[in-house]
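Asker: Provided below for reference: sequence and predicted model.
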Amino acid sequence: MQKKIDKDMVARLVALYRTDPVARRLFDWLAVRQNDATETTVERAAAKSVTSYSEMLRLFKKIEDLGIGTFIEGRRGHKSRITWLYSVRSIGEAAREEVGDLRGIEPGKVDNEGDEPENEEHAHSSSQSFCHRLQLRTDFEVCVDLPRDLTQKEAERIAVWVRSLPFGD
């Protein structure tokens, strides 16, 4: 059974998206999914959002506080996860201010394993590379797509390149 959407729920969702880089990555992923999901594990969400398990755990508890999902602690071989009370696509779209309301989950379009497209925004999830993220400023995040088997010598070359970048006044 879905909870009734209170008038401030979407506003709090948007605020979380604007202020939390981990939330922003999760909601961006949810918004581009082709199908809905009834639940998502902490582990899968962390991998798709390129963040740590503990950061995603923290975010899932915030999401539960918003009333858009229920966090379930993993026990007896089950993984910790969130069960969604609304369409994950509409959650992502509402957080990004693309829609003004949350929709229910479409039963015929549920895929908990995920069928999200490989688009430019998520191209770094290939097996050969990994997006290394740096929160440079509170309002600016850097993503550098690097090989998973990056060597010390290659890292030093990148450091030299970064030091050679021009600086603004």
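Answerer: That came in fine, so what should we check first? Numbers count the residues shown, from 1 in each chain.
Asker: please identify the pairing partners of the least confident helix or strand in the chain by mean pLDDT and their relative orientation?
Answerer: Counting by mean pLDDT, DSSP states H and E, the weakest-scoring helix or strand in the chain turns out to be strand 129-137, with a mean of 73. When pairing is defined by DSSP bridges, strand 129-137 lines up against strand 140-147 (antiparallel).
Asker: can you show me the strands along the protein?
Answerer: Shown for the chain, the strands assigned by DSSP state E span residues 39-41, 69-72, 81-84, 129-137, 140-147.
Asker: so can I have a markdown table of those showing mean neighbour count and distance to residue 168?
Answerer: To be clear about C-beta, it is placed using only N, CA and C from the backbone, and glycine gets the same treatment. Formatted as a markdown table, the entries for the strands of the chain read as follows, by neighbours: other C-beta atoms under 10 Å; distance: least, C-beta to C-beta, whole Å:
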| stretch | mean neighbour count | distance to residue 168 |
| --- | --- | --- |
| strand 39-41 | 20 | 40 |
| strand 69-72 | 18 | 41 |
| strand 81-84 | 21 | 41 |
| strand 129-137 | 13 | 13 |
| strand 140-147 | 12 | 13 |
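Asker: how about CSV for the ones you listed, with distance to residue 50 added?
Answerer: Written out in CSV, the entries for those read as follows (distance: least, C-beta to C-beta, whole Å):
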stretch, distance to residue 50
strand 39-41, 15
strand 69-72, 20
strand 81-84, 18
strand 129-137, 5
strand 140-147, 8
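Asker: which stretches in this protein count as helices?
Answerer: Under the criterion DSSP state H, the chain carries helices at the ranges 9-19, 21-32, 42-48, 53-66, 88-95, 152-163.
Asker: nearest to residue 106, out of the ones you listed?
Answerer: Residue 106 lies closest, by C-beta to C-beta, to one member of these: helix 88-95, at 8.9 Å.
Asker: quick one: the closest one to helix 53-66, angle?
Answerer: Here helix 88-95 runs at 80 degrees with respect to helix 53-66, directions being taken by axes from the mean of the first three to the mean of the last three C-alpha atoms, to 10 degrees.
Asker: for helix 88-95, packing partners?
Answerer: Counting contacts by 3 or more C-beta pairs under 8 Å, 6 or more residues apart in numbering; DSSP states H and E, helix 88-95 packs against helix 9-19, helix 21-32.
Asker: using PDB, write out every CA atom in it.
Answerer: Extracted in PDB, the C-alpha atoms of helix 88-95 (Å, rounded to 0.1, in the frame of the first residue of the first chain):
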ATOM      1  CA  VAL A  88      11.600   4.900  -9.000                       C
ATOM      2  CA  ARG A  89      11.500   6.600 -12.300                       C
ATOM      3  CA  SER A  90       9.100   9.200 -11.000                       C
ATOM      4  CA  ILE A  91      11.200   9.600  -7.800                       C
ATOM      5  CA  GLY A  92      14.300  10.400  -9.900                       C
ATOM      6  CA  GLU A  93      12.300  12.700 -12.200                       C
ATOM      7  CA  ALA A  94      10.700  14.600  -9.300                       C
ATOM      8  CA  ALA A  95      14.000  15.000  -7.600                       C
END
